[in-house]
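S.K.: no sequence for this one, just the structure:
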């Protein structure tokens, strides 16, 4: 584990390339692919981008073909006025990307809203995964902070605040996701998509469209997930308390649940080595599950 941690720290400043573009309902979605091997898909949450995986993806790419993308309205993907960037559209985007990539049963790692997206795609769009690793996912009601509720009630006012006030608010908001002080390069990476136009308006748009009904729609069906599930939760998560993770694990038969000490909601910054360590162990379980379901399978060994 120590070697993995050292390697992840060395990768902190290397941005992930997003060399490809996918057209989804006339909107551009950016994605990248690195590595070779069996497919692994990474899904980020809000208000982040695929760059949240920059300390994880290069390590995973040593033994997997890693796919990652910016959710609609996030990162380098298209932002436009009156755009639907809710959880109600992100699962459809993910299902379309899996079809575009011709992936039938990848391993999936998903954080925050990415977790809700992966779960909704499995239950509503019949997407199949070999395994699903969830990191502090938005999944169990109630969710939504006081800040989120205030923005939803006053979106236009927030979208038009002076730039220096907006930058101060978004920086404070992002820092609250981590248990440790975020490095300057991390803050730059996470804030840059939301600075200026159309980014500032897009930031408050995605908050205003946060709606618990999208998780309420599927929460009674979590027990129907059709693959091994592991859940990592930061013990110091100030956005979604760890008790929500315990509750979620009890809704999914056979789910693994692990508390990660010293980590807040943004585990990719606080404890990337915990993600990589669980990923390497859990992928083996997903492989065993696939072989059990398909005895003739010749799945690649790690």
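M.R.: All right, it came through fine. Remember, it's a predicted structure, so these values are computed and weren't measured experimentally.

S.K.: Tell me the backbone dihedrals of residue 57, please.
M.R.: phi -60, psi -40 (degrees, to the nearest 10).

S.K.: and it, how many neighbours?
M.R.: 25 (other Cβ atoms under 10 Å). Every residue, glycine included, has its C-beta placed from N, CA and C.

S.K.: Repeat that for the one 10 residues further on.
M.R.: As a burial measure, residue 67 scores 24 neighbours (other Cβ under 10 Å).

S.K.: do the one 5 residues further on as well
M.R.: Around residue 72 there are 25 other residues, counting by other Cβ under 10 Å.

S.K.: That one against residue 93, yeah?
M.R.: Yes: applying Cβ atoms under 8 Å, one finds residue 72 in contact with residue 93, separated by 5.4 Å.

S.K.: Can you check which residues contact both of the two?
M.R.: Both residue 72 and residue 93 are contacted by 24, 29, under the criterion Cβ atoms under 8 Å, 6 or more residues apart in numbering.

S.K.: what about the strands in the stretch 51-200 of the chain?
M.R.: Remark: strands assigned in the stretch 51-200 of the chain by DSSP state E, counting those that start in this stretch are 65-69, 107-111, 131-135.

S.K.: Let's check: the centremost residue of this structure is which one?
M.R.: Closest to where the C-alpha atoms of the chain average out (Cα atoms, centre = their mean) is residue 44, at 2.4 Å.

S.K.: Angles on the backbone of that one, please.
M.R.: Per-residue torsions, residue 44: phi -80, psi 170 (degrees, to the nearest 10).

S.K.: List the residues that contact it.
M.R.: By Cβ under 8 Å, 6+ apart, the neighbours of residue 44 are 50-53, 68, 70-71, 74-75, 111-114.

S.K.: could you redo the last one with a cut-off of 10 Å?
M.R.: Neighbouring residues of residue 44 by Cβ atoms under 10 Å, 6 or more residues apart in numbering: 50-53, 68-71, 74-75, 109-114, 117, 268.

S.K.: For this protein, give me the ranges with low pLDDT.
M.R.: Residue ranges of the chain with pLDDT under 70: 1-13, 285-302.

S.K.: Repeat the analysis, applying 90 as the threshold.
M.R.: Applying pLDDT under 90 to the chain flags residues 1-14, 144-157, 159, 280-302.

S.K.: And the helices in it, which stretches?
M.R.: Using DSSP state H, the helices of the chain run over 2-10, 57-60, 87-101, 113-124, 146-153, 155-159, 163-175, 184-191, 199-208, 213-216, 242-251, 267-270, 272-293.

S.K.: got the angle between the fourth one and helix 242-251?
M.R.: What it means is helix 113-124. 20 degrees (axes from the mean of the first three to the mean of the last three Cα atoms, to 10 degrees).
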